[in-house]
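Participant: whatever this is, show me its structure:
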Amino acid sequence: AAPPEPTTMLAPGLVCLSAKQTQEARAGTEARLERLLETRAKQPAFAEAYVGALVNCAHHQTKETEIRQTLFRSRQMLTLHPEDQEIQLYHAMTWFNLTLRQAEDAIPATLRELAAYLRQHAAVIPEFRKQLDIYLSEHPEQRERYQPLFEL
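Facilitator: Take a look at the predicted model:
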């Protein structure tokens, strides 16, 4: 297989970089990323790489508002590529990462929304569950919290 085009690899790098930058530096990185998105977002390989990087970004973000912005970006790519199962899965994983920073009383509603989304995209449930199992093997004390996702 041919190596990915450089801009396909640049987007995830910029996403990861922006997650570690100061707010001031992040503005420049995000502006560069937005320029890339304007010209490449409709390309499936680019969108998949970008949304995959958003999962990692959301996992490292510490504020719910930041993760919601990341989730919004993920949803934008899903809107452009609604049938792409990799993007569907990454979107669900980003959504799951939101629950890692939410207040305890907000998590059940988010899990209901996430479960409904997964039911609509049933083909990705096996891989999502695999990733959930990996997470819970490292955090077994949270198993009860995520019980609604086992009912899929």
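Participant: could you list every helix and strand in contact with the helix or strand containing L37?
Facilitator: Element membership for L37 (DSSP states H and E) is helix 23-40. For helix 23-40, the packing partners by 3 or more CB pairs under 8 Å, 6 or more residues apart in numbering; DSSP states H and E come out as helix 6-20, helix 44-60. Placement of C-beta: from N, CA and C, glycine included.
Participant: looking at those, which has the lowest confidence?
Facilitator: Among the helices and strands packed on helix 23-40, helix 6-20 carries the lowest mean pLDDT, a mean of 65.
Participant: show me where pLDDT drops low in the protein?
Facilitator: Scanning the chain for pLDDT under 70 picks out 1-12, 14-19, 21-23, 26-27, 29-30.
Participant: centre of the chain to the helix holding L37, how far?
Facilitator: 18 Å (CA atoms, centre = their mean, to the nearest Å).
Participant: send the alpha carbons of it over as PDB?
Facilitator: C-alpha atoms of helix 23-40 as PDB (Å, rounded to 0.1, in the frame of the first residue of the first chain):
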ATOM      1  CA  GLN A  23      -4.100  28.600  25.000                       C
ATOM      2  CA  GLU A  24      -2.200  31.300  23.100                       C
ATOM      3  CA  ALA A  25      -0.100  28.800  21.100                       C
ATOM      4  CA  ARG A  26      -3.100  26.600  20.600                       C
ATOM      5  CA  ALA A  27      -4.900  29.400  18.600                       C
ATOM      6  CA  GLY A  28      -2.200  29.300  15.900                       C
ATOM      7  CA  THR A  29      -2.200  25.500  15.700                       C
ATOM      8  CA  GLU A  30      -6.000  25.400  15.500                       C
ATOM      9  CA  ALA A  31      -6.000  28.000  12.700                       C
ATOM     10  CA  ARG A  32      -3.600  25.800  10.700                       C
ATOM     11  CA  LEU A  33      -5.700  22.800  11.400                       C
ATOM     12  CA  GLU A  34      -8.800  24.700  10.200                       C
ATOM     13  CA  ARG A  35      -7.100  25.600   7.000                       C
ATOM     14  CA  LEU A  36      -6.300  21.900   6.400                       C
ATOM     15  CA  LEU A  37      -9.900  20.900   7.200                       C
ATOM     16  CA  GLU A  38     -11.300  23.400   4.700                       C
ATOM     17  CA  THR A  39      -9.500  21.600   1.800                       C
ATOM     18  CA  ARG A  40      -9.200  18.000   3.100                       C
END
